[in-house]
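S.K.: this is a predicted model, with the sequence first.
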Amino acid sequence: MKILVSDQLEQTCIDILEREGFTVDNRPGLPAKDLLEVIGQYEGLVVRSATKVTAQVLERAAKLKIVGRAGTGTDNIDTPAATRRGILVMNTPGGNTVSAAEHTVSMMLALARNIPQARASLAAGEWERKKFTGTEVFEKTLGVVGLGKIGREVAARAQGLGMKIVGYDPLLASDVAGRLGIELASLDELFRRSDFITLHTPLTPETRNLINAASLAKCKKGVRIMNCARGGIVDESALLAAIESGHVAGAAIDVFEKEPPGDSPLVKHPRVVATPHLGASTEEAQEKVAVQIAHQMADAFHGRAYVGVVNSMILAHTMKDEVRPFMVLAEKLGSMAAQLAGGKVRDLTVSAFGDVPASSLELLKACVLKGVLVHTYAETLNYINAPFLAKEVGLTIGETKETAAENALNLVRLRFAGEGDLRELAGSVFGVSSVRLTRVDGFRVEAAPEGNLLIYKNLDRPGMLAAVGAILARHRINIAGVSLGRTEIGRTALTVMNVDNDVPSEAQAELNRVEGVSDLRLVRL
């Protein structure tokens, strides 16, 4: 098999792949037009961040089986397009953890002591010591948003500088945080108390513009913001305004919503330290990710193991046909649980009924954990690393199984603790592959767990569905399907509604004001 390396990589990557029996073409800096012409010859493609693996490239890749990213982020790969074509996308989670953490601490110190500004002034022939008076980090409070591998490494290094650490991560158990010397807090409390704030979350719909005008207003005057995670987590215009007003003392930014950022006033601001996405740019990190991706691709091609797979559903094609839809179901149940619990899932128990789910319970537990973790965990997740990452944050999962099917259905049931009482979700597979949600908190339903789901309790009386439907109609939201569950006529019922569009917050507020409607949640799958 042939593998193309189209970005600059350490020679160790090529050496390992060749020893594994592959023919490797090393063509760093390959122009996009040339990539389109040659990609059809290769079974494997190794990239860093420069090569853009677009849908057009993937359409030309008739033989391609794996795209390997020597690094963490896969923004330069059209993963959905790869998934549709049955191409595995791999990355190397953890390979740049230390480098990213060290860069974050370097940026914090440079920000605190005005180092790049002072250097520029000195190079210009000036000697302005008073102008660049800084601040100590000793005994200051560092707020760490996201306590995955990188966030924890940053916290450990900041503790060595004598800083107090306040952290926010809805998945990290308090006893685990305590052992790490981190005080867990709500986001609002972290904003209120921190002298420095550093971000270490993935870019998701929930974290996009997490730092915005409203959140910055909650911060103490003189706070300093660092983002070495992902562009888009910070609303750059809001941050610039807060710096210019004096509410924010300064910022250190390594990643931008648009890269390169061009003629950005934020980059040029005298109280901003900016670098061109250098978090992983060390010799050690590049060597680690080069070795990792070579071994991962060789293992996958030779059928030994699948590590670092980003588009996990592709991994399902190696499983038994009858198990695949239950994998989909289990991951969706986990995702629903995380959203219904506000990200604070605890005491998970997965129960499998019937031969097919019971025989694959370990796999289904991993699928559930991936669904739970994907909303908040900064590392890329797959069915292999999800159980290990869950253990790191203190999230445990129990199991029960019965080979006899419940009500003649092969069933997967998930019970969990969230913000309130114990909750329950269950689902099954109808026919060959039709995945269905069949139970929510004791109510029997039948709904497709896909797209946008409105789930709410309502009084079991005439006109309730019409009242909800009228509000959705005013907001031009189409109803795709409705399932009603009740335990007794005239008492509380539960509605699961598939809708074609996202439901904006103002529409949700209107729905919550409908008399008889309660506990309304929007779940995105």
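M.R.: Arrived safely, thanks for sending.

S.K.: so L35 is in contact with S6, correct?
M.R.: Yes - L35 lies in contact with S6 (CB atoms under 8 Å); the separation is 6.2 Å. (Glycine included, C-beta is placed from N, CA and C.)

S.K.: overlap in contacts of the two?
M.R.: T51 (CB atoms under 8 Å, 6 or more residues apart in numbering).

S.K.: what sits closest to R192 if chain neighbours are left out?
M.R.: Once flanking residues are discounted, R192 sits nearest to K218: 6.0 Å by CB to CB, 6 or more residues apart in numbering.

S.K.: okay, now that neighbour: neighbour count?
M.R.: By other CB atoms under 10 Å, 13 other residues sit near K218.

S.K.: pretty sure it is touching D188, no?
M.R.: Yes - counting by CB under 8 Å, K218 touches D188, with 5.9 Å between them.

S.K.: model confidence over stretch 156-168, on average?
M.R.: Mean pLDDT, computed over stretch 156-168, is 98.

S.K.: typo on my end, it should be stretch 401-416
M.R.: Average pLDDT, stretch 401-416: 81.

S.K.: quick one: terminal-to-terminal distance for that stretch?
M.R.: Distance across stretch 401-416, first residue to last, is 16 Å (CA to CA, to the nearest Å).

S.K.: equivalent analysis for stretch 5-20, please.
M.R.: 15 Å.

S.K.: give me the contacts around that stretch.
M.R.: Contacts for stretch 5-20 (CB under 8 Å, 6+ apart): 3, 24-30, 35, 45-51, 70, 286-287, 290-291, 293-295, 297-298, 301-302.

S.K.: then stretch 34-50?
M.R.: With contact meaning CB under 8 Å, 6+ apart, stretch 34-50 is reached by 1-9, 13, 22, 25, 29-30, 51, 53, 56-57, 60-71, 73, 75-77, 277, 293-294, 297, 301.

S.K.: same thing but at 7 Å, please
M.R.: For stretch 34-50, contacts defined as CB atoms under 7 Å, 6 or more residues apart in numbering pick out 1-9, 13, 51, 53, 56-57, 60-71, 73, 76, 293, 297.

S.K.: next: stretch 345-365.
M.R.: 322-323, 326-327, 330, 337-338, 368, 372, 383, 395, 397-406, 409-418.

S.K.: following the lowest-mean-pLDDT helix or strand in the chain, which helix or strand shows up next?
M.R.: The helix or strand of the chain with the lowest confidence, counting by mean pLDDT, DSSP states H and E, is helix 312-315 at a mean of 59. Using DSSP states H and E, the next helix or strand after helix 312-315 towards the C-terminus is helix 324-340.

S.K.: and the angle from the helix or strand following that next one to helix 324-340?
M.R.: Next helix or strand after helix 324-340 toward the C-terminus (DSSP H and E): strand 346-353. On the basis of axes from the mean of the first three to the mean of the last three CA atoms, to 10 degrees, strand 346-353 is oriented at 150 degrees to helix 324-340.

S.K.: show me what counts as buried in the next helix or strand after strand 346-353.
M.R.: Toward the C-terminal end, the helix or strand that comes next after strand 346-353 (DSSP H and E) is helix 355-359. Judged by neighbour count using 16 or more other CB atoms under 10 Å, the buried positions of helix 355-359 are 356-359.

S.K.: got it, and stretch 261-275?
M.R.: So, applying 16+ other CB under 10 Å, buried residues of stretch 261-275: 261, 264, 266-267, 269, 272-275.

S.K.: so for that stretch, what's the average pLDDT?
M.R.: The average pLDDT for stretch 261-275 rounds to 96.

S.K.: what's it in contact with?
M.R.: With CB under 7 Å, 6+ apart, stretch 261-275 has contacts from 107, 110-111, 116-117, 236, 239-240, 243, 249-254.

S.K.: out of those residues, which are buried?
M.R.: 107, 110-111, 116-117, 236, 239-240, 243, 249-254.

S.K.: show me the contacts for V310.
M.R.: With contact taken as CB under 7 Å, 6+ apart, V310 is in contact with 74, 79, 89-91, 380.

S.K.: secondary structure and pLDDT added to those residues, as a markdown table?
M.R.: A markdown table is the format used below for those (DSSP: H, G, I helix; E, B strand; the rest coil; pLDDT from 0 to 100):
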| residue | secondary structure | pLDDT |
| --- | --- | --- |
| T74 | coil | 84 |
| T79 | helix | 86 |
| V89 | strand | 92 |
| M90 | strand | 92 |
| N91 | coil | 92 |
| T380 | coil | 60 |
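
S.K.: alright, calling it a day.
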